[in-house]
Every structure is written in C-alpha cells, then in structure tokens.
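1. turn this into a structure:
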Amino acid sequence: MNTTPAYRLAATILHGFEAYRTRFKAITLDAQRRFQEGAWRESQQASIARINLYQQKVDDAVERLKRTFSNGLLAHREVWREARSHYAKLISPRLDVELAETFFNSLFCAIFKHRHIRNEWMFVISSRKEAAQRSGIELCRRRSIDGDWQAALRWALEGAALHNPFADIARDTRLGAALLNKMLPGTIWQAKDAAIELLHSVFYRNKGAYLVGRITGGGDQVPLVLPVRHQEHTEQNTEDVPQLHLDTVLITPDDVAIIFSFSRAYFQVDVAVPNECVSYLQRLMPHKPAGELYAAIGFFKHGKTEFFRALNQQVAKREDVFIIAPGVRGMVMAVFVLPSARTVFKIIKDEFDPAKDVTPDIVREKYHLVKRHDRVGRMADTQEFSNFTVHNDHFAPECLAHLLEVAPSTVSLKGEKVVIKHCYTERMMTPLNIYLEQCDDEAQLAVLRDYGDAIKQMAAANIFPGDMLLKNFGVTRQGRVIFYDYDEVCYLTECHFRAIPASSGDDYLSGGNESFSIGPNDIFPEEFGPFMFANPERLRVFKQLHPELFEVRYWQGLQQAIVDGRIIDVYPYGNEQRFVDAEQ
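-> Next up is the predicted model:
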C-alpha cells in the first residue's frame with residue numbers, strides 16, 4: 001500500500017470529497033419526498049443547506065489536512081504535484097471525475113490563498129480524457145408516438161415515479177396534446193417515427209417537478225419540459241395525499257432556457273453521471289454554457305470551474321479586450337466586461353459615493369444573501385473569484401486606469417500582470433435604461449410590464465431590491481428583466497412601508513417647516529416614481545401597468561403573507577401558458 005505523504009494527501013482530499021457527495025446526494029434524493037408531501041418550507045431550507053454544504057465540507061477537509069500534515073508539507077507545491085497525479089488515478093473510475101477535480105482545486109486554493117494557479121499542481125485543465133468517456137448508464141426512457149400524442153403524454157407522466165396521483169390525467173394529457181398539435185412543427189407532428197424521450201431524473205425546484213427531454217421525428221427535434229405541480233385546491237389539505245396536475249407543456253428553446261436560467265434557484269435532481277446529463281441538456285439548449293448547466297443542477301462550484309476554463313480560452317483568442325461596462329457607472333462597484341465572453345466583472349470600490357451607507361463587508365454579505373436565496377428568475381447568479389490574474393494588454397488602457405484609480409486595494413500591477421484580489425462575475429445583459437432608449441414602442445411596453453413583474457416576484461420571494469433604478473436591472477436576449485445590483489438588497493420583511501402623512505405634503509423633501517421622523521428602514525412607495533423614471537411618459541405607462549407598486553397596502557399585504565408562512569408561487573413561464581384556467 002502506498003504510504004507516501006503525497007498519496008496520503010490525495011487520499012485525504014478524496015475522503016473529504018466523498019463526505020461532500022454523500023451528504024449532497026442525501027439532500028437531493030429527499031427532494032422527492034418533500035415534493036410528495038408538499039413540504040415547501042423544508043424545500044427552501046434544503047436548498048440553502050445544500051448551497052452552504054460545499055464550503056462546509058471544504059473547511060472540514062482543510063482542518064483535517066492541517067491536523068494530519070505539517071504546515072511545511074502542505075506548503076510544498078512539489079508534494080501537491082505528486083498528490084495531483086495520485087488523485088487523478090484514484091478518481092478515474094468515478095462517474096463524477098470533474099466534480100472531484102474541482103474539490104481538489106478548492107482545497108489547493110484554500111491552502112495557497114488562491115495563488116499559484118498552475119495545472120501541474122491542480123486541475124486547471126481536466127484530466128477527464130484519462131477517464132472513461134461514457135458510463136454506459138441509460139439516461140433516458142423513450143416511447144414512439146404511434147399517432148397517439150395523448151397516450152404518449154400519459155406514459156410520460158405515469159412513468160415519472162412521482163407517487164402522488166394525478167387529479168385528472170385525462171384532462172391534462174388532452175390539453176397537452178392539443179397544445180403540441182398547435183405548437184409542433186409539421187415535420188414532427190406528422191412524422192411516422194415521432195417519439196418522446198425523457199431523462200429518468202426528475203428536476204425538483206420550489207413547488208414544481210419538471211420532466212425534461214425532447215420530442216423527435218422526421219429528422220427534427222424540439223426540447224420538451226413537462227412541469228408538474230400540486231393541485232391548488234388540495235395542497236393545503238394535510239389529511240389527504242396531494243394530487244398532481246400537468247401545469248403546461250414547454251417546447252420552445254427560449255421557454256426551456258428560461259427554466260434553466262442563471263437567475264433561478266438550483267434544481268434538486270439526482271443524476272448518476274453529471275457530465276453526461278449536462279451534455280444532454282446542452283443538446284436541448286445549445287446556447288447555454290456548460291458552467292451554467294452544472295450550476296443549474298446544483299454543482300455551482302464546478303460551474304465556476306467550467307466558466308473559468310471557458311473564460312481563459314476566450315481571453316486567449318484575443319478577439320477583444322476588457323472594457324468599462326456601458327451605462328451609468330456604479331457608486332459601489334467598478335464594472336468592466338469582456339464582450340465576446342458575454343461576462344460582467346464587478347469589483348468593490350475603495351470609496352463609495354456619499355449616498356451609499358454601506359461597507360465592503362456589507363456588500364459581500366448582500367451578494368452571499370442572494371446566492372443562498374431563491375432568485376425566482378429575477379436575480380442574476382454570481383461567481384466569486386479571488387486573485388484573478390490577467391495580462392495587462394488584455395485591458396483597454398482607459399479601463400485599467402479606471403480600475404487602478406477607484407480600487408487600488410483590490411487591483412494591482414505585478415510586472416505585466418493585472419491581479420484582482422476579489423471580484424464577482426455575472427452574465428452580461430443590456431442595462432434596462434439603455435434598452436429603453438433603443439427599443440421600439442411595442443418592446444418598451446413589454447419590458448416595462450416585465451420590470452414591474454420582476455419587482456413583484458422578488459417581493460413575493462421576500463426580497464426588496466432597495467435601489468430600483470433602471471440601471472440596476474438588465475434585459476436578457478429573451479426580453480426578461482433581471483436585477484443585478486445587490487448592495488442595497490434586503491429581506492422584504494425587514495422594511496417598514498409607510499404612507500407620507502397628508503399634512504406634510506412635499507415639505508419634508510424641500511426642507512420646509514413641516515417634517516416628520518424617518519427611520520432607517522422606512523420606505524414610502526408613493527415616492528418610487530421619480531426615483532425610477534426621469535421620463536414622465538414612461539412613469540405614466542408604468543403606473544398604469546403596476547399601480548399597486550405605489551400603494552402601501554400592497555407591500556404590507558405581501559409582508560403579512562410571508563410572515564404567515566405562505567410560499568407565494570412564482571412560475572418560470574407565463575400564466576397564459578398554464579392549463580389551470582383552460583376550458584374543461
């Protein structure tokens with residue numbers, strides 16, 4: 001048996017990874033039971049616990065390394081070089097090789113404080129080519145349509161092992177088949193070889209269970225997602241087994257991409273071979289980066305690894321350079337982008353504008369809050385990096401000068417390298433204020449409606465954005481409005497929504513004689529308009545679309561619902577797509 005320090009180091013790290021995976025799987029597998037029982041609050045808690053789990057297990061493994069090995073040995077990079085080789089051999093038979101590599105990287109970075117990022121000491125480049133390429137495990141179940149789409153949908157629903165009965169599966173499948181008849185290309189609908197294919201794994205999130213796959217036929221294919229939910233009139237009945245219904249059928253690439261959006265909570269889904277599952281999902285959503293899909297199924301740390309590798313490849317192409325982000329410059333963050341990578345980088349400035357009463361530690365905690373919280377499709381996911389290093393000629397000169405000016409404690413030059421001690425990355429979007437200046441009237445109306453919906457849906461999830469300025473929201477390629485500036489975010493239940501006393505009028509703003517006290521958490525919905533819109537016409541249209549946002553009672557009602565324990569539904573598709581109100 002090999003007992004060298006390097007081998008024992010590799011074995012100790014693998015032991016830590018196995019502890020992480022065991023607990024991760026236990027939380028994930030219990031999602032079926034939580035859905036079956038309608039344990040929605042427990043589901044939220046499990047989601048947070050699983051996000052926190054990775055860092056907990058990394059910390060545990062680091063402590064074990066420090067107890068087992070001397071500081072001198074742990075600091076010896078040549079030992080890590082040998083340990084990397086042993087570790088690659090130890091994990092090569094596993095079905096989750098890439099996740100194991102990322103765990104090794106996390107420990108290396110924890111020991112060396114995110115320095116010395118080299119492939120000889122850690123897995124900057126994956127060793128997957130040394131492992132088996134295919135597991136042989138069957139990912140999907142399949143069925144020929146044979147001209148009966150309703151029967152095929154019934155097979156899809158009944159074969160998902162959801163355990164709870166469907167309230168009216170005949171109705172659900174009839175509505176589903178009718179929708180497919182309307183939406184499917186003729187090449188598939190009329191194809192003799194038409195078939196339905198679904199992953200064995202069920203994707204659980206919030207109050208939904210999602211069956212994911214595709215429909216093929218006539219040499220064509222479309223993605224397929226079947227969202228299943230509890231029947232609304234029975235989900236509060238604790239004496240009966242909750243019944244289910246098919247909520248809709250989704251087959252457009254955009255609809256399916258939104259289900260797997262970077263702005264949503266991670267799925268609870270048990271996958272035997274993560275790499276093969278992600279590869280399958282990429283065939284359904286070719287525009288989705290692998291990193292986003294790993295994150296979507298819960299492996300957000302490996303999603304970060306995939307993102308970092310893709311970013312390095314993109315930077316190496318030298319198609320463009322880092323530039324200052326378009327739009328209004330932030331009061332807290334310095335923001336720059338690499339346009340070809342569709343990625344935004346955010347750095348906390350050394351000094352904030354006087355209007356911002358926060359500290360760097362508070363800002364970091366706000367970003368951690370959003371990471372742990374249900375983002376309900378309205379808040380961008382972020383990745384956090386330490387000691388991010390890039391050659392200085394990858395920056396536009398004015399961009400680098402700006403970063404060195406506003407964040408000298410974070411951004412520094414070491415020879416020809418730019419070292420960024422800490423930054424966040426997000427998916428690049430068009431800032432809402434810029435989008436409104438460029439779009440036509442029809443698109444403007446749609447995005448103003450979605451802007452209000454975004455605020456409402458965040459509020460339903462107990463999140464108040466704080467600063468609702470247009471510049472703090474972005475618009476995706478599907479036209480969805482996403483919030484991405486978190487330095488003033490807070491829980492809705494922490495806010496004190498008030499009406500302006502009638503006798504005070506505008507005097508408290510203009511410095512008149514009449515005044516009244518304002519607490520630190522006091523918020524006056526009547527005053528939202530001028531802060532949100534400089535354009536009076538846009539404000540008028542927005543108030544017509546969302547008048548309740550300017551009413552104290554609306555906000556107080558949401559707060560009370562949250563305090564009462566209600567989990568308010570936020571669907572990852574439009575209400576008009578749901579079958580709930582369809583004709584019987």
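2. hmm, Arg378 is touching Phe262, no?
-> No: the criterion here is C-beta atoms under 8 Å, and Arg378 misses it with Phe262 at 11.4 Å. For glycine as for every other residue, the C-beta is placed from the backbone atoms N, C-alpha and C.
3. more crowded one of these two?
-> Arg378 (28 against 23; other C-beta atoms under 10 Å).
4. where does the residue nearest to that one when sequence neighbours are not counted sit: helix, strand or coil?
-> Among residues not flanking Arg378 along the chain, Ala454 sits closest, at 4.5 Å (C-beta to C-beta, 6 or more residues apart in numbering). At Ala454 the chain is in helix, as set by DSSP: H, G, I helix; E, B strand; the rest coil.
5. how close does Ala454 get to Leu250?
-> 20 Å (C-beta to C-beta, to the nearest Å).
6. what are the bridge partners for Ile463, then?
-> Beta-bridge partners recorded for Ile463 (DSSP bridges): Tyr491.
7. my read is that it contacts Leu492, right?
-> Yes: if you go by C-beta under 8 Å, Ile463 and Leu492 touch, sitting 6.3 Å apart.
8. the more surrounded of those two?
-> Between Ile463 and Leu492, counted using other C-beta under 10 Å, the more crowded position is Ile463 (24 against 20).
9. who's in contact with the closest residue to Glu416 other than its chain neighbours?
-> Spatial nearest neighbour of Glu416, chain neighbours left out: Asn392 (5.4 Å); criterion: C-beta to C-beta, 6+ apart. Counting by C-beta atoms under 8 Å, 6 or more residues apart in numbering, Asn392 makes contact with Leu400, Leu413, Glu416, Lys417, Val418.
10. for the host helix or strand of Pro227, the averaged confidence score.
-> Element membership for Pro227, per DSSP states H and E: strand 220-230. Taken as a whole, strand 220-230 carries a mean pLDDT of 96.
11. what residues of the following helix or strand past that strand count as buried?
-> Next helix or strand after strand 220-230 toward the C-terminus (DSSP H and E): strand 244-246. When burial is assessed from 16 or more other C-beta atoms under 10 Å, strand 244-246 yields the following buried residues: Leu244, His245, Leu246.
12. just the residues contacting strand 244-246, thanks.
-> In contact with strand 244-246 (C-beta under 8 Å, 6+ apart) are residues 153, 157, 162, 164-169, 172-173, 175-176, 226-231, 579-580.
13. worst-scoring helix or strand of the chain, pLDDT-wise?
-> helix 507-510 (a mean of 49; mean pLDDT, DSSP states H and E).
14. can you give me the helices in the stretch 201-350 of the chain?
-> 253-259, 274-284, 290-296, 300-317 (DSSP state H, counting those that start in this stretch).
15. so which of the ones you listed is the most packed in?
-> By mean neighbour count, with neighbours taken as mean count of other C-beta atoms under 10 Å, helix 290-296 ranks first of the helices of the stretch 201-350 of the chain at a mean of 24.
16. mean confidence for that one?
-> Here the average pLDDT along helix 290-296 is 95.
17. alpha carbons of it, as PDB, please.
-> C-alpha atoms of helix 290-296 as PDB (Å, rounded to 0.1, in the frame of the first residue of the first chain):
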ATOM      1  CA  ALA A 290     -21.800  24.100 -19.600                       C
ATOM      2  CA  GLY A 291     -20.900  26.100 -16.500                       C
ATOM      3  CA  GLU A 292     -24.500  27.400 -16.200                       C
ATOM      4  CA  LEU A 293     -26.000  24.000 -16.600                       C
ATOM      5  CA  TYR A 294     -23.700  22.400 -14.000                       C
ATOM      6  CA  ALA A 295     -24.800  25.200 -11.700                       C
ATOM      7  CA  ALA A 296     -28.500  24.700 -12.600                       C
END
